[in-house]
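Engineer: Build the 3D model from these lines:
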Amino acid sequence: MQKEISNIPPVPDRLKKWRSEGQTVELMGKEIWYHDTGPKTDDAVFIVHGYPGSSWDFQGVVERIGDQARTVVMDMRGFGLSDKPLEGDYQSNFTLLLQADLYEELASHLGLKSIILVAHDMGQTVGLELMARFEESRTTFRIRHAILLDGSTLVDMVQPTEFQKKELAAPSTALEEDMAWEDIYNIFPESYSKESRARDDFDELIICQSHQIYYNHGSRTIGGIVHYLKERKEDFNRWSRTLFGFKKAPLTVIWGEQDPVAVIAMADRIKKERPVTDLYKYPDSGHWPSIEFPDRIGDAIIARLGSV
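Structural biologist: Sure, this is the predicted structure:
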């Protein structure tokens, strides 16, 4: 399903509001945008978004949690309103290990001592790196529960999109010019469920996601960042070992059964390899459960706030 758009639409009000509620901090030499709500305790729901999304993907989840917990969600470098360096390449600017370093820096900046980790898609692997470091006693915070949403850490099972295939075959450096708006917009729709694509506000959801990429020339770098799939392969043993063997906190896995990229068989494999995992499948969700069903994800997090 391709949508031709001749003009860039205005930023929707719901995205304007989200952007207005955040703030920036300099971490590792770059400006990083984050959203921090709820009581300012040293315990927080700490959210790691996916590719090619941003913090905004969890706007509805944050709203659902409200004041029941401190909730922190950051735009990774190269995403949303955070810096999007045009010089250099994937290895110098955007690696999964670098993104994990940024989350550690933000947690330290905010004084967090314990977290419920929520991680989606590309962020699932960043989250697994944080989980691995926690098991190695290398983090300044304790993970008391981990919640993983659709993500292709199991790279041997991934079904990459045509956009991902094309960008993986290209250099990971920034493009000379911005991509056409319709090319950005068309990245998203097919990864949603058929039920979500029938929603009255579906077009606005995709416009919000597209604006988060388009901001500050992000369309020039978003293709190169897809090389995170190669990094996943290189460190597969470390992250799969953590995924299947994490013992220091409970693990919950939530998955959309209509996800065409991170297919539902991945969730089944996690459950098979780690039987104590709590697994929840959404038959009416695609790749973006935090957008498609934010109340469900918010309620799942709220139900785990008592984890110790």
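Engineer: Name the residue closest to the centre of this protein, please.
Structural biologist: Most central in the chain under Cα atoms, centre = their mean is H49, positioned 1.7 Å from the mean C-alpha point.
Engineer: list the contacts for that residue?
Structural biologist: Counting by Cβ atoms under 8 Å, 6 or more residues apart in numbering, H49 touches S55, D57, F58, V73, M74, D75, M76, F79, G80, H120, D121, G123. C-beta: built from backbone N, CA, C; applies to glycine.
Engineer: shouldn't the third one be in contact with I47?
Structural biologist: Yes: using Cβ atoms under 8 Å, F58 makes contact with I47 at a distance of 5.2 Å.
Engineer: Beyond the helix or strand harbouring I213, next helix or strand please.
Structural biologist: Per DSSP states H and E: I213 is located in helix 202-214. Downstream of helix 202-214, the first helix or strand assigned by DSSP H and E is helix 222-225.
Engineer: ok, and what's touching that next one?
Structural biologist: Defining contact as Cβ under 8 Å, 6+ apart, one finds that helix 222-225 is touched by 51-52, 78-79, 89-90, 94, 163, 166-167, 170-175, 179, 184, 213.
Engineer: and the least confident helix or strand in the chain by mean pLDDT, how far out from the chain's middle?
Structural biologist: Across the helices and strands of the chain, mean pLDDT, DSSP states H and E gives its lowest value to helix 162-168, namely a mean of 93. The gap between where helix 162-168 is centred and where its chain is centred comes out at 19 Å by Cα atoms, centre = their mean, to the nearest Å.
Engineer: and if you look at stretch 117-135?
Structural biologist: On the basis of Cα atoms, centre = their mean, stretch 117-135 is displaced by 10 Å from the centre of the chain it belongs to.
Engineer: Quick one: mean pLDDT for that stretch?
Structural biologist: In this model, stretch 117-135 has an average pLDDT of 98.
Engineer: any weak-confidence spans in the stretch 1-150 of the chain?
Structural biologist: Within the stretch 1-150 of the chain, the segments meeting pLDDT under 70 span 1-6.
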